[in-house]
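1. Would you be able to build a 3D model of this:
(one chain, ligands or ions: 1)
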Amino acid sequence: MTMKVLVTGTEGFIGARLGPWLISRGHEVTGLDAGFYRDGTLYLDPIGLSQTPRTIYKDLRTVTSADFEGYDAVVHLAELSNDPLGQNKPEITFKINHEGSVRIAKAARQAGVRRMIYASSCSVYGVGSGDFLDEKSPVNPQTAYAQCKTMVERDLKPMASRDFCVVFLRNATAYGASPRMRFDIVLNDLCALAWTRKKIAMTSDGSPWRPIVHVEDICEAVSCALEAPAEAVNGEVFNVGSTGENYRVREIADIVGAAFPGCEVTMGPAGGDNRSYRVSFEKIATRLPEYRARWTAKMGAEELRRLFERIEMSPATYEFRAFTRLKQIKYLQQTRQVDADLYWSKR
Ligand SMILES: NC(=O)c1ccc[n+]([C@@H]2O[C@H](COP(=O)([O-])OP(=O)(O)OC[C@H]3O[C@@H](n4cnc5c(N)ncnc54)[C@H](O)[C@@H]3O)[C@@H](O)[C@H]2O)c1
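-> This is a model prediction of the structure:
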């Protein structure tokens, strides 16, 4: 079953892996991205490179139904994609992440696109009691980023119909190798610290729970959601990850420490980050039986150690702005490459 798929955010951490992933499954893929992180490529993947989709450079706030003509499906990833970046200027986060995502859905539906996969996030659960949360648990968003995710889900759900299948994938915090690397996500950051400093000095006791998921397991979930019969997924929310991959942050630090020989791990005092949640991934495992999460945190840490060895990653590379979302967006603003609303400046 070959589909013509428009993927937004193809220059992002997940999108840079998802484009080639979907092409290798036989789909015809086009990308759409504002290009905010185009300065940053950590490595070239000779296999994925030949399968990198053509990308249209466009801000999602300006798309119209004409941009979606002729596509069977849209996978929508492009947003200001984490809590610190979302908090930077919350009013712009709402414009891009909430209003922009609803605009995409309406334009795609008007153009006759039959399926839309929305990349939501387990961060909608916010602060949990420690019990496992599932798709029926109340949401409790703590940040503008997470709030927008709940608002997009709320507004897109009633759009699901016989002609327009909408699927919500609430991804756990991602990790893993991507040419468009991000070091502002927990496992990747800890691996980079372990490699460049041989020391992980936690500033807190690392007690909060976090479900984490490898970027390839997210790609697998997207392809399953695209290819499943519409009646199995239409209007449905799926947490993406696996139940065994809920960790306390300090456990992730210990796993990373063990994967990088000679790395010392120390903990800090209690307190700080109050976002803590454990998530159940039983629904995706049972309702999308083709889906199987293959990665563990240990495998992911070892993968990154091998990657850093291969590219001889330096401390300067780790700290390079384009691998940390907030740094890159602030740099684009300070150098006036983008204006206050994050549109590229006309010069
Ligand atoms: N990485 C994670 O841990 C994680 C976890 C859960 C959910 N998600 C969601 O998955 C999606 C992709 O995440 P990611 O980690 O690849 O993010 P990313 O920040 O690496 O990539 C996002 C891409 O979107 C583009 N973009 C941002 N604003 C845009 C705009 N106004 N117009 C057009 N393009 C724009 C950026 O240029 C970037 O290439 C996001 O929606 C994110 O919220 C990510």
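
2. And the pLDDT for Gly272?
-> Here, the pLDDT recorded for Gly272 equals 66.

3. what do you get for Pro289?
-> What the model reports as pLDDT for Pro289 is 86.

4. need the contact list for it.
-> With contacts defined as CB atoms under 8 Å, 6 or more residues apart in numbering, Pro289 has no neighbours. In this view, the C-beta of every residue, glycine as well, is placed from N, C-alpha and C.

5. How many residues are close by whichever residue of the chain sits closest to the ligand?
-> Proximity of the chain to the ligand (CB to the nearest ligand atom) peaks at Gly12, 2.0 Å away. Gly12: 24 surrounding residues under other CB atoms under 10 Å.

6. likewise the one 5 residues further on?
-> The criterion is other CB under 10 Å. On that basis, Arg17 has 24 neighbouring residues.

7. quick check, it in a strand?
-> No - the assignment for Arg17, made by DSSP: H, G, I helix; E, B strand; the rest coil, is helix rather than a strand.

8. What pLDDT is listed against it?
-> With respect to pLDDT, Arg17 scores 96.

9. check contacts around it.
-> 48, 176, 178-179, 215-216, 219.

10. With secondary structure, neighbour count and distance to Ala16 as extra columns, can I get those residues in TSV?
-> Formatted as TSV, the contacts of Arg17 follow (DSSP: H, G, I helix; E, B strand; the rest coil; neighbours: other CB atoms under 10 Å; distance: CB to CB, whole Å):
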residue	secondary structure	neighbour count	distance to Ala16
Gly48	helix	17	8
Gly176	coil	27	11
Ser178	coil	23	5
Pro179	coil	18	5
Val215	helix	25	9
Glu216	helix	21	12
Cys219	helix	21	10
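
11. Kindly indicate which of the residues you listed lies nearest Trp21.
-> Nearest to Trp21 among the contacts of Arg17, counting by CB to CB, is Cys219 at 4.1 Å.

12. show me the contacts for the nearest residue to that closest one once chain neighbours are set aside.
-> With sequence-adjacent residues excluded and distances taken as CB to CB, 6 or more residues apart in numbering, Cys219 is closest to Trp21, at 4.1 Å. If a contact means CB under 8 Å, 6+ apart, then Trp21 has 216, 219, 222-223 as its contacts.

13. Could you export these as JSON lines, including distance to the ligand and pLDDT?
-> Putting these into JSON lines (distance: CB to the nearest ligand atom, whole Å; pLDDT from 0 to 100) gives the following:
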{"residue": "Glu216", "distance to the ligand": "13", "pLDDT": "97"}
{"residue": "Cys219", "distance to the ligand": "11", "pLDDT": "98"}
{"residue": "Val222", "distance to the ligand": "10", "pLDDT": "98"}
{"residue": "Ser223", "distance to the ligand": "15", "pLDDT": "97"}
